[in-house]
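1. Below are the sequence and a predicted model for it; my questions follow.
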Amino acid sequence: MNLSSFKSGDELILFLVALLLLVFAIIILFVILGIFRTLKHIEAKQKGQIAEEFSFNSWWKSLTGAVPLEKEEVILLDHNYDGIKELDNHLPPWWKYLFYATIVFSIFYMLDYHVWSTSPLQIDEYEQEVSKAQKEIEEFQAKNANSIDETNVKILTKDAKVVANGKEIFIGKCVACHGALGEGGVGPNLTDEYWIHGGSINEVFKTIKNGVPEKGMISWKATLKPNEIQDVSNYILSIAGTNPPNAKEPQGEKTGAVAADSTASK
């Protein structure tokens, strides 16, 4: 086998582990066969008989408990149903041993999962996997947060988490100029139909990112992360048409009502 066919070191390790387990299973099989042979010799010696040479066929018969056809009269019952006779066949030894093994396994299973709690239950495993996946999502989002710009910013006004985060940023950074409700102050009213620099999500993002220095609005790209600018942009679009009290007079060009899930062009 060409080792280069494995795509990763993990796959190679798994293959080697599987190979070792297979070798171990073969060794265990030969050990069991050796024990079986030894027991046969001991049994024959105790009965004063000559031990038969080991054969796979005799070993298999001992596992199945099969009775040869020529000896079926030994297990023949005194039942006769219209010429049909009944044999007193017992369950195969391997089946009984497997059943006993399941009983032992169930005891250890109960102790492990429900008494000692050393292994997680399925619901616990599920919650752990969900938590792990959530962390991976957050790490991925954090890693890719800086890739957001005015060309690929998304409308997320229906995402409550995005809007809530955007509102928190707005209250902390924008209230001094635009009012607590976006009604305007030093800066323009952000809730009416008039926009100075465009009211699409892309234009709002660009205005917040680069600022409008000639009118006193600073650039926020050094203070806010791209994903935070996206959040506050979506919050601004989400308050369009709310008509807060003491709203500042319109400024800029009228572009029509801004729907919460549209990209209308402040």
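-> Sure, I can see it. All values reported here derive from a predicted model rather than from experimental measurement. Residues are numbered from 1 along each chain as shown.
2. Let me see the mean pLDDT of stretch 174-191.
-> Averaged across stretch 174-191, the pLDDT comes to 94.
3. how about it: buried residues?
-> Across stretch 174-191, burial judged by 16 or more other Cβ atoms under 10 Å covers 174, 178-179, 181-185, 187-191. C-beta here means a position set from N, CA and C on the backbone, and glycine is covered the same way.
4. what helices or strands is the helix or strand that contains residue 95 leaning on?
-> Per DSSP states H and E, residue 95 falls inside helix 93-110. Counting contacts by 3 or more Cβ pairs under 8 Å, 6 or more residues apart in numbering; DSSP states H and E, helix 93-110 packs against helix 56-64.
5. Please list the residues outside the next helix or strand after the helix it packs on that contact it.
-> Sequence order places strand 76-81 as the next helix or strand after helix 56-64, per DSSP H and E. For strand 76-81, the external contacting residues (Cβ atoms under 8 Å, 6 or more residues apart in numbering) are 85-88.
6. how about JSON lines for these, with secondary structure, distance to residue 195 and pLDDT added?
-> JSON lines is the format used below for the contacts of strand 76-81 (DSSP: H, G, I helix; E, B strand; the rest coil; distance: Cβ to Cβ, whole Å; pLDDT from 0 to 100):
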{"residue": "85", "secondary structure": "strand", "distance to residue 195": "98", "pLDDT": "83"}
{"residue": "86", "secondary structure": "strand", "distance to residue 195": "94", "pLDDT": "84"}
{"residue": "87", "secondary structure": "strand", "distance to residue 195": "94", "pLDDT": "83"}
{"residue": "88", "secondary structure": "coil", "distance to residue 195": "94", "pLDDT": "83"}
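7. what's the closest of those residues to residue 49?
-> The nearest member of those to residue 49, counting by Cβ to Cβ, is residue 88 at 25.4 Å.
8. who touches that closest one in this structure?
-> Counted by Cβ under 8 Å, 6+ apart, residue 88 has contacts 75-77.
9. Please tell me how far the helix holding residue 95 is from the chain's geometric centre.
-> Relative to the chain's own centre, helix 93-110 is displaced by 32 Å; criterion: Cα atoms, centre = their mean, to the nearest Å.
10. returning to what we had before: any chance of the contacts of strand 76-81 in TSV with distance to residue 18 as columns?
-> Converted to TSV, the contacts of strand 76-81 look like this (distance: Cβ to Cβ, whole Å):
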residue	distance to residue 18
85	49
86	46
87	43
88	43
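11. Quick check: which element contains residue 250?
-> Going by DSSP H and E, residue 250 is not in any helix or strand.
12. which residues does the residue nearest to it when sequence neighbours are not counted contact?
-> Counting by Cβ to Cβ, 6 or more residues apart in numbering, residue 250 lies nearest to residue 194, which is 3.9 Å off, once chain neighbours are set aside. Taking Cβ under 8 Å, 6+ apart, we find residue 194 in contact with 188, 250-255, 266.
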